[in-house]
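Trainee: Make a model of this:
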Amino acid sequence: MLHAALYLTGATLRNRVRIQLRRLRSPRYVLGLAAGIAYVWWFLLRPAQDGGAAAIIGGGWQLPLASLGVVALVCKWWLVGADPRALAFSPAEVHLLFPAPVTRRGLVAYKLLRAQLVILVNTVVWTVLLRGGGGELASWRRALALWVLFSVLHLHRLGAALVTAPVPDGAPMPRWRAVGGRLLPPLLVAAALGALIAPLVRAGDRLAVAWDAGVLAVLPALAAALEAPGAAAVLAPARALLGATFAPGGGAWARAMALPLLLLAAHFAWVLHVDAAVQEAALAVGERRQRRRWWRRRSAGAATALPPAAGGGSPAADGVPAPLRPGSPASDAAGDAGNVARRRWTPPLSASGWPAGAIVWKNAVAALRATALVRLLTLYSALAAGLLVLAARNPRMAELATVVTVVWSAMLLVAGPLWFRVDLRQDLARLATLRAWPLRGREIVRAQVLASAGALTVAHLAMLGLLLAATTGARDALWPDGSERLAYAAAAALALPGVNLASLTVHNGAALLFPGWTRPAGGSRGVEAMGQNLVSTAGASAVLVLLLAVPAALAGAVGWGLWTAAGVWAAVPAAAVLSVLTVLELGPVHGWLGRVLERLEPGADGGGS
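Mentor: Take a look at the predicted model:
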């Protein structure tokens, strides 16, 4: 099995490199590759040459804070769930490996071997970033320490996903779950977080004094607070895992590598010997993903190759892949997933009304079920709430909470349109189905954009509420006070729907006009894909500025005219004018994009004009 796994891994890597090189015949891949290489060099390699990233090695506060980050990551995996897709098998792997005489444990070991490709790439990148620091520690020593670190984290994430995965119907319940094990991980995570937060709350006054001295003074103060007995006990495993990476020299590195290697061996044995029923549930993720791909290709009118069943055999006669026939393990797992999905809350849909509203409803349900994004926003909100609790005890901590929420709000404003993709960017793969709906093209475009814009606006308003709460306790003259804060918040709430609608219109228009530049979720990755995203994002930002120029100028004129009489509250009607004018301006744009959609053919590499 090891020889076959190495052969498949090497052949896959070789073919992937060939495909990437063959893509360079297309100008868009050449431009994307050039932009990606420039980004990697400018932001990653160039600072490393000056010792920028390496400066984090060798101090006294870096190890406790890095350990805190590792513990927070592990707590997230156990509290909100880890992603089990590391064991998801592609259709080719299902076709070749599932009928083969390979045990389930062998399949898990094969996927662990394939994960080493990503781990090795991350090891090389971080070794380059951290070179030049850490005293006399050689690069190969740091590379080995980073490889062990990333391997342990990957195995722990996978083990958490296996343990917390739902058990299929008919499978035996693991013994630890039968005695109330479902509550055990949340209780342990709550205890760990309590042990970490308590010393930070007690050190609030010292942290406030350090904040007055500057950010560089806050970091050692945080590290000192984490040396409390309870927090130190929680961070001890992470400190042992990171000790070799932060070792100042070869002797210390050799002594610090013993525990990480033991953790690696223990995690590998844990993942391979996890309960067989849980392994079956995790392996079914690949079969469910195959099922979704098969139906997506069938709805798009593409020819579908029918793979054999997971346990061997021939395709089904009715055109459905054999692993998905009723009674098969994958079918049962998919049914279990469907039962879980049906138990989720779903917004009601009326039997009559605006026809395109069904598209908005469909995409809203997809946004609610995008668990990765929901968990990320939930985690950010929980961290912000923790900062607000600290802010209630000290105005300086309120200023820190304000800075953090401002940074998160800016990130959401810039990257939000890339995160919320429940629109044409995911539905163009079903273009044949879109064209078959009894709707005009402009109605489809408008409904698709409304869904993502609505979800993004809700996230923005939630972040705006956190920012408003944080600035309430701040005493810095930089932040507005009293009625000014309310006026600016109301203006932002009124301007965000129009701005988000324009931004999502630009991104969906780019997907229609240049579908080859739009990378679907789970699509191609690599330096050239990253470069394409950079180029397309820069182009979309430039078009958005042009699109908002006239509404922003007229809204500014309204605010200027009302400033004398209303003061800062003039921003409120100005923001309302901005949104209204933007919506009116987008009407003809949606009509034009609708005509492009009506002329776009399935499988086309470019859009119409």
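Trainee: What is the subsequent helix or strand relative to the helix or strand bottoming out on mean pLDDT in the chain?
Mentor: Using mean pLDDT, DSSP states H and E, helix 329-342 stands out as the lowest-scoring helix or strand of the chain, at a mean of 40. The helix or strand immediately downstream of helix 329-342 is helix 357-368, counting by DSSP states H and E.
Trainee: Mind listing what's buried along that next one?
Mentor: Using 16 or more other Cβ atoms under 10 Å as the test for burial, helix 357-368 gives I359, V360, W361, K362, N363, A364, V365, A366, A367, L368. Placement of C-beta: from N, CA and C, glycine included.
Trainee: Run through who's touching that helix.
Mentor: Residues outside helix 357-368 that contact it (Cβ atoms under 8 Å, 6 or more residues apart in numbering) are 344-347, 349, 373-374, 420, 422-423, 426, 439, 444, 447-448, 450-452, 454-455.
Trainee: Next: stretch 439-453.
Mentor: Contacts for stretch 439-453 (Cβ under 8 Å, 6+ apart): 355-357, 359-360, 362-364, 366-367, 417, 420-424, 427, 434, 437, 497, 500-501, 503-505, 508, 512, 590-591, 593-598.
Trainee: pLDDT averaged over it - what is it?
Mentor: Stretch 439-453 comes out with an average pLDDT of 89.
Trainee: re the thing from before, name only those of the contacts of stretch 439-453 that count as buried.
Mentor: 356, 359-360, 362-364, 366-367, 417, 420-424, 427, 434, 497, 500-501, 503-505, 508, 512, 590-591, 593-594, 596-597.
Trainee: Just the ones of these in helices?
Mentor: Residues of the buried ones among the contacts of stretch 439-453 located in helices (DSSP state H): 359-360, 362-364, 366-367, 417, 424, 427, 434, 497, 500-501, 503-505, 508, 512, 590-591, 593-594, 596-597.
Trainee: and the longest helix for this structure?
Mentor: helix 527-566.
Trainee: Counting by contacts, list what that helix packs against.
Mentor: Under the contact definition 3 or more Cβ pairs under 8 Å, 6 or more residues apart in numbering; DSSP states H and E, helix 527-566 sits against helix 27-40, helix 395-419, helix 483-513, helix 571-599.
Trainee: buried residues in that helix?
Mentor: 527-537, 540, 543-544, 547-548, 551-552, 555, 558-559, 562.
Trainee: Stretch 15-33 now?
Mentor: Neighbour-count burial for stretch 15-33 flags Q20, R23, R28, Y29, L31, G32, L33 (criterion: 16+ other Cβ under 10 Å).
Trainee: Check these and tell me the two furthest apart.
Mentor: Q20 and L31 (14.6 Å; Cβ to Cβ).
Trainee: Do a quick rundown of the helices in the stretch 1-150 of the chain.
Mentor: For the stretch 1-150 of the chain, the helices defined by DSSP state H, counting those that start in this stretch occupy 2-23, 27-40, 46-49, 62-80, 91-97, 104-129, 139-164.
Trainee: Now render those as a markdown table, adding mean pLDDT and distance to L226.
Mentor: A markdown table is the format used below for these (pLDDT from 0 to 100; distance: least, Cβ to Cβ, whole Å):
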| stretch | mean pLDDT | distance to L226 |
| --- | --- | --- |
| helix 2-23 | 80 | 40 |
| helix 27-40 | 74 | 33 |
| helix 46-49 | 58 | 27 |
| helix 62-80 | 84 | 5 |
| helix 91-97 | 74 | 43 |
| helix 104-129 | 80 | 23 |
| helix 139-164 | 85 | 19 |
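Trainee: where are the low-confidence patches of the stretch 201-350 of the chain?
Mentor: The stretch 201-350 of the chain contains residues with pLDDT under 70 at 214-216, 274-345.
Trainee: For A160, which of the helices and strands packed on helix 527-566 is the nearest?
Mentor: Closest among these, using Cβ to Cβ: helix 395-419, at 23.7 Å.
Trainee: quick check: angle from the closest one to helix 527-566?
Mentor: 120 degrees (axes from the mean of the first three to the mean of the last three Cα atoms, to 10 degrees).
Trainee: counting contacts, what elements does helix 395-419 pack onto?
Mentor: When contacts are defined as 3+ Cβ pairs under 8 Å, 6+ apart, helix 395-419 sits against helix 204-213, helix 371-391, helix 441-473, helix 483-513, helix 527-566.
Trainee: Which secondary structure element is home to the closest residue in space to A228 that isn't next to it in sequence?
Mentor: Using Cβ to Cβ, 6 or more residues apart in numbering and skipping residues adjacent in sequence, the residue nearest A228 is P199, 3.8 Å away. Under the criterion of DSSP H and E, P199 resides in helix 184-202.
Trainee: Now that helix - C-alpha only, PDB.
Mentor: Extracted in PDB, the C-alpha atoms of helix 184-202 (Å, rounded to 0.1, in the frame of the first residue of the first chain):
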ATOM      1  CA  LEU A 184     -17.000  16.600  27.300                       C
ATOM      2  CA  PRO A 185     -15.200  18.600  24.600                       C
ATOM      3  CA  PRO A 186     -17.200  21.800  25.200                       C
ATOM      4  CA  LEU A 187     -16.700  21.500  29.000                       C
ATOM      5  CA  LEU A 188     -12.900  21.100  28.600                       C
ATOM      6  CA  VAL A 189     -12.800  24.000  26.100                       C
ATOM      7  CA  ALA A 190     -14.800  26.200  28.500                       C
ATOM      8  CA  ALA A 191     -12.500  25.300  31.400                       C
ATOM      9  CA  ALA A 192      -9.400  26.000  29.300                       C
ATOM     10  CA  LEU A 193     -10.700  29.400  28.100                       C
ATOM     11  CA  GLY A 194     -11.600  30.300  31.700                       C
ATOM     12  CA  ALA A 195      -8.100  29.500  32.800                       C
ATOM     13  CA  LEU A 196      -6.700  31.800  30.100                       C
ATOM     14  CA  ILE A 197      -9.100  34.700  30.400                       C
ATOM     15  CA  ALA A 198      -9.000  34.900  34.200                       C
ATOM     16  CA  PRO A 199      -5.400  36.100  34.500                       C
ATOM     17  CA  LEU A 200      -5.900  38.600  31.600                       C
ATOM     18  CA  VAL A 201      -8.900  40.100  33.500                       C
ATOM     19  CA  ARG A 202      -6.800  40.300  36.700                       C
END
